[in-house]
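Student: next input, structure requested:
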Amino acid sequence: MTPNADYGASLAMLGSATHHEATALVLDELRGAERLLLTTHENSDGDALGSLLAMHAVLTQLGKNSLMYMSPDEFPLAHEYRDMTFGEDLVGAPPDDLADRLVVFLDCGNIDRMPVECLRAEGIRIVNVDHHHDNTLFGAVNLVVPDASCTAEIVHELALELGASITAEIGEALYVGLVTDTGRFMYENTTPAAHRMAAELIAAGVDVHTVSRRLFEDLPFSRVKLLERALHGVQRLDDGALTAVYLTRADFVETGALETDSEGLVDHLRAIEGTKVALLLRDLLAEDRRGHRKGSLRSTDGTVDVSRIARAMGGGGHRQAAGFSSELDPDELVWRVLAQVREQLAG
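Tutor: Next up, the predicted model:
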């Protein structure tokens, strides 16, 4: 697909004036469309899922015909997202009337992270709403706000501009995006705006204790056993400049863990004193992905931009949280990441 974005619509990341212009263009698109298809990136996280559900609920409240698309391969979701329900408006294949729908991508920095060819077809009109600083601006209209703590924060702004009522349902979906992408308000992307949004969502009826327990506690024992395996295999390289772990297919099988049970393990590595970058490598378990590995990267203090490392490995993400997939040998992957960590620290 060749994006037909005009110049002004693609410059939301360059300043407040263009942010307002891009916001206005997105609002015009949403108001003018009667039928929409919402989607996000593959391997969806809390911000992707929360933004998707919240935007769908907003549009439905406004009387729009809105569908959500996610591949059936995305299910079951990670344990912490098990109570997020999508209902009959979730489709596992693009609808027959796709050409007549406005397609809204949420929290997707690159269209390649949603590998569905028909969404790239000529004539498909795309609105791209995101906060990744390296977003490729693939939409006809792009609202990219790198200073936003999460895409859910942008969706919240759009909902208010559209005149939607922030119900408890919408508020909870937005809060999931906010609290997961800010690392429970511990990451550097936590801003005064993020806290103000949290206060508004709590006032709208979000039960913070229930949501937080569901997301960060009440986890399956298999995840604890997988964490035990991970901590047993920790590597500290260059005095902890890189702290790395590799989980094999056998680690998952022997602990009874699912792939999704690796969610959040990299943050335990990130918390180790002296760490600049944490790397969790894991084998992918699907039979057609044998020999493929996924890498999750976290930066602790901003001195290393892990999104640069991930892009060099064919992935992407944020400065402090990014990921990639590769068929390279795990030792080779660790040393490639270490070389780039060294390069950035030296620079």
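
Student: so what's the residue located most distally from the centre of the chain closest to, chain neighbours aside?
Tutor: Note on the chain: the largest C-alpha distance from the chain mean falls to Asp239, namely 30.3 Å (CA atoms, centre = their mean). Nearest residue to Asp239 in three dimensions, chain neighbours excluded: Gly274, at 6.3 Å (CB to CB, 6 or more residues apart in numbering). Any C-beta I mention is one placed from the backbone N, CA and C, and that applies to glycine too.

Student: check Ala148 too.
Tutor: His131 (4.2 Å).

Student: doesn't Val155 make contact with the one you found?
Tutor: No - here His131 lies out of contact with Val155, judged by CB atoms under 8 Å, at a distance of 10.2 Å.

Student: how about the contacts made by the residue nearest to Ala148?
Tutor: Residues near His131 by CB atoms under 8 Å, 6 or more residues apart in numbering: Asp107, Val144, Val145, Pro146, Asp147, Ala148, Ser149, Cys150, Thr151, Glu153, Ile154.

Student: how about Asp130?
Tutor: Asp130 neighbours (CB under 8 Å, 6+ apart): Phe105, Leu106, Asp107, Cys108, Gly109, Asn142, Leu143, Val144, Val145, Thr151, Ile154.

Student: equivalent analysis for Arg229, please.
Tutor: Leu247, Asp251, Thr255.

Student: any idea how many residues pack against the first one?
Tutor: Put plainly, it is Leu247. Counted with other CB atoms under 10 Å, residues neighbouring Leu247 total 24.

Student: what pairs with the nearest residue to it once chain neighbours are set aside across the strands?
Tutor: Excluding the flanking residues, the one nearest Leu247 by CB to CB, 6+ apart is Arg282, at 4.1 Å. On the basis of DSSP bridges, Arg282 is bridged to Leu247, Lys294.

Student: Gly295 versus Arg282, what's the distance?
Tutor: For Arg282, the distance to Gly295 (CB to CB, to the nearest Å) stands at 8 Å.

Student: now do Tyr187
Tutor: 19 Å.

Student: between those two, point out the one with more neighbours.
Tutor: When neighbours are counted by other CB under 10 Å, Tyr187 and Gly295 differ, and Gly295 comes out ahead with 27 against 17.

Student: where along the stretch 101-250 of the chain do the strands fall?
Tutor: 102-106, 126-130, 141-144, 235-237, 242-247 (DSSP state E, counting those that start in this stretch).

Student: who does the third one touch, helix- and strand-wise?
Tutor: Counting contacts by 3 or more CB pairs under 8 Å, 6 or more residues apart in numbering; DSSP states H and E, the secondary-structure elements packed against strand 141-144 are helix 16-32, strand 126-130.

Student: skipping adjacent residues, who's closest to Leu90 in space?
Tutor: Met68 (4.8 Å).

Student: strand partners of the helix or strand in which that neighbour is found, parallel vs antiparallel please.
Tutor: Here Met68 sits within strand 65-69, counting by DSSP states H and E. Strand 65-69 pairs in its sheet with strand 35-40 (parallel), strand 90-91 (parallel), by DSSP bridges.

Student: now the ones you listed as TSV including mean pLDDT and distance to Thr136?
Tutor: Output for the strands paired with strand 65-69, formatted as TSV (pLDDT from 0 to 100; distance: least, CB to CB, whole Å):
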stretch	mean pLDDT	distance to Thr136
strand 35-40	98	15
strand 90-91	96	25
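
Student: so for Glu343, which of the ones you listed sits nearest?
Tutor: strand 35-40 (32.0 Å; CB to CB).

Student: next structured bit after that closest one?
Tutor: By DSSP H and E, the next helix or strand past strand 35-40 is helix 46-61.

Student: off-centre distance for that next one?
Tutor: In terms of CA atoms, centre = their mean, to the nearest Å, the centre of helix 46-61 is set 13 Å apart from its chain centre.

Student: what sits against the nearest residue to Leu102 once chain neighbours are set aside?
Tutor: Closest residue in space to Leu102, ignoring its immediate chain neighbours: Ala33 at 3.9 Å, by CB to CB, 6+ apart. Residues in contact with Ala33 (CB under 8 Å, 6+ apart) are Lys64, Arg101, Leu102.

Student: do you know the pLDDT at Ala33?
Tutor: We note a pLDDT of 98 for Ala33 in this prediction.

Student: hey, where'd the helices end up in the protein?
Tutor: Using DSSP state H, the helices assigned to the chain run over residues 16-32, 46-61, 151-161, 168-181, 192-203, 208-216, 221-232, 249-255, 265-270, 306-312, 330-346.

Student: got the angle between the first one and strand 102-106?
Tutor: With axes from the mean of the first three to the mean of the last three CA atoms, to 10 degrees as the basis, helix 16-32 and strand 102-106 are set at 130 degrees to each other.

Student: buried residues, helix 16-32. List them.
Tutor: Neighbour-count burial for helix 16-32, counted by 16 or more other CB atoms under 10 Å, picks out Thr18, His19, Glu21, Ala22, Thr23, Leu25, Val26, Leu27, Glu29, Leu30.

Student: how deep is Thr210 tucked in, by neighbour count?
Tutor: 11.

Student: distance check, it against Val176.
Tutor: 11 Å.

Student: again with Arg319
Tutor: Arg319 sits 22 Å away from Val176, going by CB to CB.

Student: can you list the domains in the chain?
Tutor: 8-216, 221-346 (automatic domain parsing).
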